[in-house]
Each structure stands twice: as C-alpha cells, then as structure tokens.
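>>> no sequence for this one, just the structure:
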C-alpha cells in the first residue's frame with residue numbers, strides 16, 4: 001500500500017519523469033527494447049513462427065532454450081580456459 005503511494009507520487013512528479021527520460025540509462029533501455037521488438041518481429045516473419053501449431057512452437061522454444069544454454073556453457077568454458 002505504501003509502495004503504491006510512493007510510486008504514484010513519483011510517476012506523477014513531472015520534473016522527475018523528465019529527468020529520468022533524459023537519462024542515458026532510460027534512453028538506452030528504450031532503444032534496446034525497440035531493437036529487440038523489431039528483431040523478434042523480423043525473426044517471426046522469416047521463420048513463419050506465427051503459422052506454427054502450438055505443439056511445434058513449444059518444441060521450437062525448448063530447442064531454442066537448449067541451444068542458448070549450450071552456448072552459455074561453452075562461453076563459460078572458454079572463460080575458464082583463459083584463466
């Protein structure tokens with residue numbers, strides 16, 4: 001309840017919102033969000049993800065997760081070898 005009041009006050013504080021919107025961190029986060037949106041949209045159009053059945057989409061996501069985990073593990077191993 002108290003946090004809600006604090007967040008409402010901060011969100012309605014025009015000067016604070018203006019300063020945050022001009023900060024590098026918030027602008028960069030917005031740029032990355034938009035970039036990710038367009039990349040994922042392009043990816044979906046290229047591989048026709050929207051036409052997949054739910055079962056096939058689920059297997060696609062699972063294989064994607066597996067590949068990401070393997071790449072992260074490989075990067076960790078490379079970092080360990082460098083040390």
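All right, it came through fine. Being a predicted model, the structure only gives us computed values, none of them experimental.
>>> and the helix or strand harbouring residue 15, what's buried?
Per DSSP states H and E, residue 15 falls inside helix 14-22. For helix 14-22, burial by neighbour count (16 or more other Cβ atoms under 10 Å) applies to no residue. All C-beta atoms are positioned from the backbone trio N, CA, C, and that covers glycine.
>>> tell me the mean pLDDT for the next helix-or-strand element following it?
Next in sequence after helix 14-22, counting helices and strands by DSSP H and E, comes helix 24-46. The average pLDDT within helix 24-46 is 91.
>>> where does residue 78 sit: helix, strand or coil?
helix (DSSP: H, G, I helix; E, B strand; the rest coil).
>>> and the gap between it and residue 57?
32 Å (Cβ to Cβ, to the nearest Å).
>>> of the two, who's got more company?
residue 57 (13 against 9; other Cβ atoms under 10 Å).
>>> for the closest residue in space to the more buried one that isn't next to it in sequence, list the residues it contacts.
Nearest residue to residue 57, sequence neighbours excluded (Cβ to Cβ, 6 or more residues apart in numbering): residue 49, at 6.8 Å. If a contact means Cβ atoms under 8 Å, 6 or more residues apart in numbering, then residue 49 has 43, 57, 60 as its contacts.
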